[in-house]
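Novice: Just need the structure, nothing else, for what follows:
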Amino acid sequence: MLEPYLERCHAAWTAMPLGARVPTLPSTDDGKVNVRALTLALGLKRHREQHFYNHAELTGLVNSIAEAQGLRGIKSRNQAETEDVEIADRIARVQKERGDLARLLAEREAVIERQRREIAALREQLRLLEETGMVVRTAAIR
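Specialist: Next up is the predicted model:
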């Protein structure tokens, strides 16, 4: 029942002049396949539309014709929402990693600065030792 209907829709679409083709599958205003109207066009009861969402074979058949006609297929919103969630998760992960890296960098810069001060103080002590021969005792350098 579905395949002959889809073949008729596709044949009607291909029979149109190339520049004036409009989708022959039932569609919504925003360019998606209208599953409810498709179910009614097939003479099925409204509660049968769930099968188009739950069975990949049916979804695939309709989506192949929809794609050829320039429509977004069944489950396109769910897929887009899933992709949006995945992207948001990836962004959150990257931001967390960036924060961790920024903290690590700040800690390393603090260590380097402390080591620079210690090196400068030790050089000064070495200079005094070489000039005077006297050992200078100091507290830990911070």
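
Novice: Give me the longest helix you can find in this protein.
Specialist: helix 76-132 (DSSP state H).

Novice: any idea which helix or strand of the protein has the worst average confidence?
Specialist: helix 50-54 (a mean of 82; mean pLDDT, DSSP states H and E).

Novice: which other helices and strands contact that helix?
Specialist: When contacts are defined as 3 or more CB pairs under 8 Å, 6 or more residues apart in numbering; DSSP states H and E, helix 50-54 sits against helix 35-41, helix 56-68. The way it works is simple: take the backbone N, C-alpha and C, and place the C-beta from them, glycine included.

Novice: that older thread, for the longest helix of the chain, the distance to its chain's centre please.
Specialist: 26 Å (CA atoms, centre = their mean, to the nearest Å).

Novice: pLDDT of that helix, averaged?
Specialist: Taken as a whole, helix 76-132 carries a mean pLDDT of 87.

Novice: again, but for stretch 11-29
Specialist: 86.

Novice: For that stretch, measure first residue to last.
Specialist: 22 Å (CA to CA, to the nearest Å).

Novice: contacts for that stretch?
Specialist: 6, 9-10, 33-34, 37-38, 41, 62, 65-66, 68-71 (CB atoms under 8 Å, 6 or more residues apart in numbering).

Novice: If we use 6 Å, what do you get?
Specialist: 9, 33-34, 37-38, 41, 66, 69, 71 (CB atoms under 6 Å, 6 or more residues apart in numbering).

Novice: In that stretch, which residues are buried?
Specialist: Judged by neighbour count using 16 or more other CB atoms under 10 Å, the buried positions of stretch 11-29 are 13, 23-27.

Novice: So what's the gap between that stretch and the chain middle?
Specialist: On CA atoms, centre = their mean, the centre of stretch 11-29 falls 32 Å from that of its chain.

Novice: what's the answer for stretch 29-48, then?
Specialist: 30 Å.

Novice: can you give me the end-to-end distance of that stretch?
Specialist: 22 Å.

Novice: that older thread, farthest pair in the buried residues of stretch 11-29?
Specialist: Spatial extent of the buried residues of stretch 11-29 (CB to CB) is set by the pair W13 and P26 at 12.7 Å.
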